[in-house]
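K.L.:
I'd like to go over a predicted model; first the sequence, then the structure.
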Amino acid sequence: QVQLVESGGGLVQAGDSLRLSCAASGRTYNNHAMGWFRQAPGKAREFVAAVRWSGSSTYYSDSVKGRFTISRDNAKTTVYLQMNSLQPEDTAIYSCACSLSGSIYDQGSYNYWGQGTQVTVSS
């Protein structure tokens, strides 16, 4: 089992930045990747970014590439999502998730999920 706890969400204005954190505990040594997903009101959950647990390869959706940065600490206990130049369309509940295998981009590959944190961007 892996437990994930997100923090760092909030209400910001367009153009501002936020950093989300996801603290991982439990059997993290089997992790394949950690990812961030988001779900806006009335929309399906979508992939945002991911980082492989071994090595440091990162992956981004086209909508956030160049604005968001995913990283993890060396102890492999926390994953961060630095979000810059936030726009109203970035408003969503952001959830981190842990994958044990499978496609980095497919939410079906993620086995454990955090509770989510709300990010609201006003115009």
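P.N.:
Happy to help now that I have it. Numbering: from 1, shown residues only.
K.L.:
could you use CA atoms for every contact and neighbour count after this?
P.N.:
OK.
K.L.:
is the nearest residue to Gly8 once chain neighbours are set aside in a bridge, and if so with what?
P.N.:
Among residues not flanking Gly8 along the chain, Leu20 sits closest, at 4.5 Å (C-alpha to C-alpha, 6 or more residues apart in numbering). Beta-bridge pairing for Leu20 (DSSP bridges): Leu81.
K.L.:
next: Ile70.
P.N.:
With DSSP bridges as the rule, Ile70 is bridged to Leu81.
K.L.:
likewise for Cys98?
P.N.:
With DSSP bridges applied, Cys98 shows beta-bridge pairing to Met34, Tyr112.
K.L.:
what distance do you get for it to Ala14?
P.N.:
To Ala14, Cys98 is 29 Å away according to C-alpha to C-alpha, to the nearest Å.
K.L.:
so which of these two has more stuff around it?
P.N.:
Each of Cys98 and Ala14 has its neighbours counted (other C-alpha atoms under 10 Å); Cys98 has more, 28 against 17.
K.L.:
what score does that one have for pLDDT?
P.N.:
On the pLDDT scale, Cys98 is placed at 94.
K.L.:
check Asn84 too.
P.N.:
Note on Asn84: pLDDT of 98.
K.L.:
who touches it in this structure?
P.N.:
If a contact means C-alpha atoms under 8 Å, 6 or more residues apart in numbering, then Asn84 has 15-18, 67-68 as its contacts.
K.L.:
not counting sequence-adjacent ones, nearest residue to it?
P.N.:
Leaving aside its chain neighbours, Asn84 sits nearest to Ser17 (4.4 Å; criterion: C-alpha to C-alpha, 6+ apart).
K.L.:
Tyr28 and Ser54 touch, don't they?
P.N.:
Heads up, residue 28 is Thr, not Tyr. No: contact between Thr28 and Ser54 fails when scored by C-alpha atoms under 8 Å: they sit 11.1 Å apart.
K.L.:
more crowded one of the two?
P.N.:
Thr28 (18 against 12).
K.L.:
and the closest residue in space to the more buried one that isn't next to it in sequence, how far is that from Ser56?
P.N.:
Closest residue to Thr28 apart from its sequence neighbours, by C-alpha to C-alpha, 6+ apart: Val2 at 6.2 Å. Applying C-alpha to C-alpha, the value for Val2 to Ser56 is 20 Å.
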